[in-house]
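Asker: based on what follows, work out the 3D shape:
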Amino acid sequence: MNYKVTVFIGKEAFDEGWQSDDVGKVLKLQNEFEMIQMEIVGEKVVINAKGNGKVIIIRNKQKARLADKSEGIIRDGDTIWLLNQKAENEFNNGKREVFSGAALKIDFNNLEPVKRQEIFVNEKSFFQERNNKKINFILGFMVLGMLIVGTILGYQKRTITKQKEMYEAIKSQVEDKINEIESVRSVNIDTALELAKNTETLIDNSGMTKKEYLEGLSQLKSKIMEIKQGLGGGNINYEVAYDSALISEGNDLFQGMATKDSIFYLWSATLGQINMVDPELKSTDKVVSDERIKTWLGIFNNGEKWFGYDQKKVYEIKRNDIVESEINNKGNIGEMVGWNGLTYFLDNDLAEIMKLGNEDSKSWLKDGAKLDEPAKSLSIDSKIWVLGASGRIYQYNRGVKENFSMSFLPTVNTVKSLKTTDKVDFLAFVVDDNMVFVYGKDGKIINKYNFSDNKINDIGIENKNNAVLVLTKNGKIYRIKIK
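Answerer: Model (predicted):
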């Protein structure tokens, strides 16, 4: 079998590692990732291609692609080209002598005569040539057609296989990223968010076109979006538990809230009133309206009773009435909370947690201890939790500070509204008026929720749904269920 080989490897192909090989009638173009091979076996050639390369045969000025695993008899005067993807594009544009890609040209001349000439399309089908020129002409076109069909089918099969391989690779990468996100989350939630965003980009740029794989990618993206929401990703459609527009039209009418089981009270300094809301029934009831409410600093629940407070007094909220009591305290009253009929509040002038009883207040901390830093909020679940201005949470039990370490300390400008109950295993607080941070009572950060430009006025705990209720400036109360 006589043949002549011409090698074309341009600079671009050379930089990609393409090289040619001609050993024992096996001709190859290959680099680390792809291979285009033609083996001469007697009077036949056998094609083996891995990757995006193509094999083209030219016979009697007719061109056809030879699919992977195809084989056929060679005729005198045939020319076969092995082309990588770049060279194929150049070949289709008329290039035959100078290539940027990688190409092998094999010219077959002066072949020895054979007893029969057959062109095999695959292992089971062949066509017998005749001496009749007309029949040979028809058979030639039939063979060319079958070569084209075989090439198309081979291309489709390779495309399907490639799509499946790409999907499995992306799915594996996404699953690895999810595991990485979960391992990083408690250490640095901001890094975890960046990983989630990068994973979402990976899915968006997958290049998938098959419907079944697109559906799979859609499920993966939904999972990543849910994770991203819990890491502080924006543009989230939070569940609306209640809309205060049912009470009164207008933004920023309610400045604070207090919760007990499935009921919560809304406090409006603007309207000078307190409203009770049942989110399940979507019902509201005005409890009391009074000018004194406009001076309050906040409200809280204490068992079966509800209270408001300012710098000098505590007010018990009753139906159509409020009953005030003087506070004997020389310092600066911060947030006030109730537990089992007792009332506690922060005093930043004294750096103390104070306990209120019968109009008198006294230090609750043991042995003259002081708060470690200015405090912004406190909450009780039998223990007292204090939120410092730095964003750090402190834990106290029976007047003594206990060891409590946060896995991630957020960077903050302002903090407020630390909330928990004895029915949930998490603590939640507001950062910079637009984010809710949620920590487990073991100190590990669980989630961060971003409300972007929607200012947060206050938050509360909904025990029944293991959820954080978020009262925002637009008057809506959103529900975030903590899993």
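Asker: element containing the residue nearest the centre of the chain?
Answerer: The geometric centre of the chain, computed from its C-alpha atoms, lies nearest to residue 224 (Cα atoms, centre = their mean), at 3.0 Å. Element membership for residue 224 (DSSP states H and E) is helix 211-229.
Asker: how about that helix: buried residues?
Answerer: Judged by neighbour count (16 or more other Cβ atoms under 10 Å), helix 211-229 contains these buried residues: 213, 216-217, 220-221, 224, 227-229. Any C-beta I mention is one placed from the backbone N, CA and C, and that applies to glycine too.
Asker: and the residues you listed as a markdown table, adding pLDDT and distance to residue 257?
Answerer: Converted to a markdown table, these look like this (pLDDT from 0 to 100; distance: Cβ to Cβ, whole Å):
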| residue | pLDDT | distance to residue 257 |
| --- | --- | --- |
| 213 | 77 | 46 |
| 216 | 83 | 42 |
| 217 | 84 | 41 |
| 220 | 88 | 37 |
| 221 | 86 | 35 |
| 224 | 88 | 32 |
| 227 | 89 | 28 |
| 228 | 87 | 27 |
| 229 | 84 | 23 |
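Asker: now render these as CSV, adding distance to residue 85.
Answerer: Compiled in CSV, the buried residues of helix 211-229 are given as follows (distance: Cβ to Cβ, whole Å):
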residue, distance to residue 85
213, 22
216, 27
217, 25
220, 29
221, 30
224, 32
227, 37
228, 36
229, 41
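Asker: pick the one among those closest to residue 184.
Answerer: Within the buried residues of helix 211-229, the smallest distance to residue 184 is 11.6 Å, found for residue 227 (Cβ to Cβ).
Asker: ok, and the closest non-adjacent residue to the closest one?
Answerer: By the measure of Cβ to Cβ, 6 or more residues apart in numbering, the closest residue to residue 227 outside its immediate chain neighbours is residue 196, 5.4 Å from it.
Asker: now do residue 259
Answerer: Closest residue to residue 259 in three dimensions, ignoring its sequence neighbours and counting by Cβ to Cβ, 6+ apart: residue 460, at 3.7 Å.
Asker: would you map the helices across the stretch 251-400 of the chain?
Answerer: Counting by DSSP state H, counting those that start in this stretch, the stretch 251-400 of the chain has no helices to list.
Asker: low pLDDT regions in it?
Answerer: Judged by pLDDT under 70, the stretch 251-400 of the chain has its weakly predicted residues at 330, 359.
Asker: go again with 90.
Answerer: By pLDDT under 90, the weakly predicted segments of the stretch 251-400 of the chain are 251-252, 261-262, 279-283, 312, 326-333, 348-349, 356-361.
Asker: what about the residue nearest to residue 227, helix or strand, and which?
Answerer: When elements are assigned from DSSP H and E, residue 196 belongs to helix 189-204.
Asker: on that earlier part again, which neighbouring elements make contact with the helix holding residue 224?
Answerer: With contacts taken as 3 or more Cβ pairs under 8 Å, 6 or more residues apart in numbering; DSSP states H and E, helix 211-229 sits against helix 133-185, helix 189-204.
Asker: surely residue 435 and residue 451 touch.
Answerer: Yes: taking Cβ atoms under 8 Å as the definition, residue 435 is a contact partner of residue 451 at 6.8 Å.
Asker: joint contacts of the two?
Answerer: With contacts defined as Cβ atoms under 8 Å, 6 or more residues apart in numbering, no residue is adjacent to both residue 435 and residue 451.
Asker: who touches the helix or strand harbouring residue 89?
Answerer: Assigning secondary structure by DSSP H and E places residue 89 in helix 85-92. Here helix 85-92 makes contact (Cβ under 8 Å, 6+ apart) with 8, 10, 12-13, 52-54, 56, 81, 83, 95, 99-103.
Asker: for stretch 270-290, same thing?
Answerer: Judged by Cβ under 8 Å, 6+ apart, the contacts made with stretch 270-290 from elsewhere in the structure are 241-242, 244, 246-248, 252-255, 262-268, 291-294, 299, 306, 308, 317-322, 462, 477, 479.
Asker: show me the contacts for residue 312.
Answerer: 326-327.
Asker: now with 10 Å, please.
Answerer: For residue 312, the contacting residues are 295, 324-329, 333, taking Cβ atoms under 10 Å, 6 or more residues apart in numbering as the criterion.
Asker: would you mind checking these for buried ones?
Answerer: The neighbour-count criterion (16+ other Cβ under 10 Å) marks 327, 329, 333 among these as buried.
Asker: grab the nearest non-local neighbour of residue 21.
Answerer: Nearest residue to residue 21 in three dimensions, chain neighbours excluded: residue 28, at 4.3 Å (Cβ to Cβ, 6+ apart).
Asker: so the one you found, which of the three states?
Answerer: Following DSSP: H, G, I helix; E, B strand; the rest coil, we place residue 28 in the strand state.
Asker: still on that earlier bit, now the two most distant members of the contacts of helix 85-92.
Answerer: Across the contacts of helix 85-92, the two members that end up farthest from each other (Cβ to Cβ) are 12 and 56, 19.9 Å apart.
Asker: the two: which has the busier surroundings?
Answerer: Neighbours around residue 12 and residue 56, counted as other Cβ atoms under 10 Å, are more numerous at residue 56. The numbers are 18 against 15.
Asker: wait, a helix at that one?
Answerer: No: counting by three-state DSSP, residue 56 is located in no helix; its state is strand.
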